[in-house]
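Student: Predicted model and sequence below, questions to follow.
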2 protein chains.
Amino acid sequence: MSETAPRPTLEAVAARAGVSRATVSRVVNGGDGVREPLVERVRQAVDELGYVPNQAARSLVTRRHDAVAVIIAEPETRVFADPFFALQLRGISKELTAHDNQLVLLLTEGRDDHARVARYLAGGHVDGALVFSLHLDDPLPGLIQGAGVPTVFGGRPGWSDGTPDVVYVDSDNRGGAREAVRLLAGLGRTRIAHISGPLDQTSAADRLDGYRQVVGDTGPLLVVESDFTPGGGERAMRELLDRCPDVDAVFAANDLTASGVLRVLRERGRRVPEDVAVVGFDDMLPVAEQTDPPLTTVRQDIEEMGRIMARLLLRRLDRRGDDGEPGGGVVLPTTLVRRASA
Amino acid sequence: MSETAPRPTLEAVAARAGVSRATVSRVVNGGDGVREPLVERVRQAVDELGYVPNQAARSLVTRRHDAVAVIIAEPETRVFADPFFALQLRGISKELTAHDNQLVLLLTEGRDDHARVARYLAGGHVDGALVFSLHLDDPLPGLIQGAGVPTVFGGRPGWSDGTPDVVYVDSDNRGGAREAVRLLAGLGRTRIAHISGPLDQTSAADRLDGYRQVVGDTGPLLVVESDFTPGGGERAMRELLDRCPDVDAVFAANDLTASGVLRVLRERGRRVPEDVAVVGFDDMLPVAEQTDPPLTTVRQDIEEMGRIMARLLLRRLDRRGDDGEPGGGVVLPTTLVRRASA
DNA sequence: GCGGACGGCGAGAGCGCTCTCATGTGACCC
DNA sequence: GGGTCACATGAGAGCGCTCTCGCCGTCCGC
């Protein structure tokens, strides 16, 4: 088992097929400009020897790695509490795989890791990077931009306004929030509250913004900041009920928060949706479908987001040198999913 | 930005420091056998030029990549429904990072991907592999063993009995299950049921086994097979109640299943734990703490599992050629976490 | 004070591949 | 039928690194 047989080289294949290394290389890389009988002979030699190109040697000369780093900052916070990143990863993985690219996963925690990541990127091990950074003040994105590696961000970076050449993919958080709140208003609710996520994350800020845009005109603004977790949702809801007992609708910043909200409402004997209507955000299936009552929520296609991020990056990589790439964000639409809670 | 400055090479550093390439190489790789003043001069040149070694060139000659593949088979099934893999990934990532290894993530779906993964591994892009394969009949593990890449499995592979040189890390599913059921028996319950996971997964099979070992002596075996999901738990619990209305305890194969179980019990007006005691498995915090009532469950340290897998693999890689490695499994203990449901 | 051992350093080969460029071969045109 | 061109193929350089080897200077032992 540890007797790893020496892997065949281009040379070996060439010898077996009776051609030159160059020809084998051509065949292996698509076979353009090689006549059919030769192609066939080379293919056969490749099969017989079980030849697989040595990526290191190839990278050395092409300066291409066909690998992309996926950088997820501060996993502890949130990543692993909900399937959000997992779904994105799946989307990314599918797209990368379809284009024969590898996915190098970098999870970072804290400042020490930043230097490591920066070094890694600067080291030119990967052709590009997909970056998830949740917090406004995260220095990581800056470091990455500095490393000169083509990058696509997941979620609108907070500082993206100043730097126009930033490429990102995000859900239409504002629009989704507006839709959610409009639904509640359309149901005749007049005291619509919002339990937000941590406002140093753009997704939370944008959802709050959407809420404001709709409610600002018609009713009182009732906002409690929370943290995207069920426990946080509970705490926020209790506070909200104490402060404002006559609330008749809640737009929660995400489904996890909404699940906490529902629990508190049940505990306090408020009927949902009769007394208080509740809308979530994400449409995270295991959560939204399992709440009692099932949750009306704003769906975002997370896997698709991942896929698009990867696609954008790969396209950018193909066009290396063209620059002239406009940059900017891609904002994906959300859809309202009506269940029983509103 | 697309004006990527040509990265400095060893040669450049050597020139600047006034030494040979070989000496720079020595310094960069630890500096053994180089006298202090020279080391200093080289270090300085490295810093000034911002030199980072070209990994491709290095790999080409060392045949080391300092990269490990993490292969997760069939993500759709389960991976992303619960934070299980995410936690393992975190553990793996930490350990790999600590040893300057990269994590290449390969998610596979269906048979076509198997060939791709096999090719990738055979291609020698990575030094080793960590493999999660849930199902007994999955051909992937075989392919991987065949590729001759050092591998550690997550969870006991179903076929591991025949092949002694398989290395894996698993939780003590049997022992944990025994402990759970003993608790229930200790509470005086006499009609203890088990809602299992899919029995083509060893974790599910082992938990069932543990249940059998304890209940077999004292009470009737009441088993319904399910699928590790809340919905599956609901269905199984309904079936169980119909078939055996006097059940007074349920050991669910995991927390997600248990959450479904609790929902059905509430719906049918059975009090937990008074009428029916419930124990889960995993201690998945967002689930176990949020159920009503909070779930008594068997905790496994999933992140630690990941960390140990990585550690085992790295150790194996260091010892390359030594063989004589015994192989076999590492089984991590579980602990019972008492909450309100039993 | 001289021979040998030893340790620091440089020269150079070569890892496996791609890619340019030269060369060879056949088709095609007048 | 000879010249031309297009295109298929081979020869060879070189990507950036590691590592062996040999040289040379230093230090020790006798």
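Tutor: Everything's here; your move.
Student: helices or strands next to the helix or strand bottoming out on mean pLDDT in chain A in the packing?
Tutor: Ranking every helix and strand in chain A by mean pLDDT, DSSP states H and E puts helix A:285-288 at the bottom, with a mean of 77. Secondary-structure packing of helix A:285-288 (3 or more Cβ pairs under 8 Å, 6 or more residues apart in numbering or on different chains; DSSP states H and E): helix A:255-267, strand A:277-282. In short, each C-beta sits where N, CA and C put it, glycine included.
Student: Which one, of these, ends up nearest to DNA strand D?
Tutor: strand A:277-282 (45.0 Å; Cβ to the nearest atom of the strand).
Student: Tell me the strands beside the closest one, with direction?
Tutor: strand A:249-252 (parallel), strand A:296-299 (parallel) (DSSP bridges).
Student: Can you tell me the closest non-neighbouring residue to the residue of chain A positioned farthest from its centre?
Tutor: Within chain A, A:Gly18 marks the point farthest from the mean C-alpha position, 48.8 Å out by Cα atoms, centre = their mean. Distance criterion Cβ to Cβ, 6 or more residues apart in numbering or on different chains; nearest residue to A:Gly18, sequence neighbours excluded, is A:Arg41 at 7.2 Å.
Student: Can I get the least confident helix or strand of chain A in CSV, CA atoms only?
Tutor: Listed in CSV are the C-alpha atoms of helix A:285-288, where the atom choice follows Å, rounded to 0.1, in the frame of the first residue of the first chain:
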residue,chain,number,x,y,z
LEU,A,285,-36.9,24.6,5.4
PRO,A,286,-36.1,22.5,8.5
VAL,A,287,-37.1,25.6,10.5
ALA,A,288,-39.8,27.3,8.6
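Student: Identify the residues contacting that helix?
Tutor: A:82-83, A:255-256, A:258-259, A:280, A:282, A:294-295, A:297, A:337, A:339, B:81-82, B:229-230, B:256 (Cβ atoms under 8 Å, 6 or more residues apart in numbering or on different chains).
Student: same check, this time on stretch A:170-182
Tutor: A:154-156, A:192, A:194, A:202-203, A:206-211, A:213-215, A:251, A:279, A:281, A:297-298, A:300, A:305, A:329-334, A:336.
Student: So which of those belong to strands?
Tutor: Judged by DSSP state E, the contacts of stretch A:170-182 include A:154, A:192, A:194, A:251, A:279, A:281, A:297-298, A:329-332, A:336 as members of strands.
Student: Out of those residues, who's the most crowded?
Tutor: A:Phe251 (34 neighbours; other Cβ atoms under 10 Å in any protein chain shown).
Student: now that residue: how far from B:Val13?
Tutor: 58 Å (Cβ to Cβ, to the nearest Å).
Student: do the same with A:Phe153
Tutor: Counting by Cβ to Cβ, the gap from A:Phe153 to B:Val13 is 33 Å.
Student: Of those two, which one has the most company?
Tutor: B:Val13 (26 against 23).
Student: Please, where are all the strands along the stretch 51-200 of chain A?
Tutor: Using DSSP state E, counting those that start in this stretch, the strands of the stretch 51-200 of chain A run over A:67-73, A:102-108, A:128-132, A:151-154, A:167-171, A:192-196.
Student: Mean pLDDT for these - can I get that in TSV?
Tutor: As requested, the strands of the stretch 51-200 of chain A are exported to TSV (pLDDT from 0 to 100):
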stretch	mean pLDDT
strand A:67-73	92
strand A:102-108	93
strand A:128-132	93
strand A:151-154	92
strand A:167-171	93
strand A:192-196	97
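Student: Relative to B:Arg319, which of those strands is closest?
Tutor: Nearest to B:Arg319, of all those, is strand A:102-108, at 25.1 Å by Cβ to Cβ.
Student: Residue numbers of the stretch 151-300 of chain A in contact with chain B?
Tutor: When proximity is defined as Cβ under 8 Å from any Cβ of the partner chain, the stretch 151-300 of chain A approaches chain B at A:165, A:229-231, A:256, A:259, A:263, A:286, A:290, A:292.
Student: So which of those residues sits lowest on pLDDT?
Tutor: Note: of these, the lowest pLDDT belongs to A:Pro286, at 73.
Student: any idea how far A:Ser25 lies from B:Val52?
Tutor: 28 Å.
Student: now swap in A:Asp66 and tell me
Tutor: 20 Å.
Student: Could you do A:Gly216 as well?
Tutor: From A:Gly216 to B:Val52 the distance is 51 Å (Cβ to Cβ).
Student: Look at these two and report which has more neighbours.
Tutor: B:Val52 (17 against 10).
Student: Retrieve the pLDDT associated with that one.
Tutor: pLDDT, read off for B:Val52, is 89.
Student: Enumerate every residue touching it.
Tutor: A:119, A:122-124, B:7.
Student: So which of these belong to helices?
Tutor: A:119, A:122 (DSSP state H).
Student: Selection in ChimeraX covering whichever of the contacts of B:Val52 are buried, please.
Tutor: The command below creates a ChimeraX selection of those among the contacts of B:Val52 that count as buried (16 or more other Cβ atoms under 10 Å in any protein chain shown):
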select /A:122,124 /B:7
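Student: Same list (the contacts of B:Val52) but as JSON lines, adding pLDDT and distance to A:Gly110.
Tutor: JSON lines is the format used below for the contacts of B:Val52 (pLDDT from 0 to 100; distance: Cβ to Cβ, whole Å):
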{"residue": "A:Arg119", "pLDDT": "83", "distance to A:Gly110": "15"}
{"residue": "A:Ala122", "pLDDT": "82", "distance to A:Gly110": "20"}
{"residue": "A:Gly123", "pLDDT": "80", "distance to A:Gly110": "21"}
{"residue": "A:Gly124", "pLDDT": "82", "distance to A:Gly110": "25"}
{"residue": "B:Arg7", "pLDDT": "83", "distance to A:Gly110": "28"}
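Student: need the contacts of B:Val52 in CSV with distance to B:Leu107, can you?
Tutor: Listed next are the contacts of B:Val52 as CSV, based on distance: Cβ to Cβ, whole Å:
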residue, distance to B:Leu107
A:Arg119, 27
A:Ala122, 27
A:Gly123, 25
A:Gly124, 25
B:Arg7, 31
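Student: Just name the closest of the contacts of B:Val52 to DNA strand C, please.
Tutor: A:Gly124 (15.3 Å).
Student: The closest one and A:Ala147: what is the separation?
Tutor: When A:Gly124 is compared with A:Ala147 (using Cβ to Cβ), they lie 9 Å apart.
Student: tally of neighbours for the closest residue to A:Leu208 other than its chain neighbours?
Tutor: Computed as Cβ to Cβ, 6+ apart, the closest residue to A:Leu208 that is not its neighbour in sequence is A:Ser196, at 4.7 Å. Neighbour count of A:Ser196, defined by other Cβ under 10 Å: 25.
Student: How is chain A divided into domains?
Tutor: A:10-53, A:67-172+A:303-333, A:173-299 (automatic domain parsing).
Student: which of those sits most buried?
Tutor: domain A:173-299 (a mean of 21; mean count of other Cβ atoms under 10 Å in any protein chain shown).
Student: quick one on the thing from earlier: can you put the strands of the stretch 51-200 of chain A in TSV and add distance to B:Gly186?
Tutor: TSV is the format used below for these (distance: least, Cβ to Cβ, whole Å):
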stretch	distance to B:Gly186
strand A:67-73	43
strand A:102-108	41
strand A:128-132	46
strand A:151-154	49
strand A:167-171	50
strand A:192-196	42
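Student: Fine by me, thanks again.
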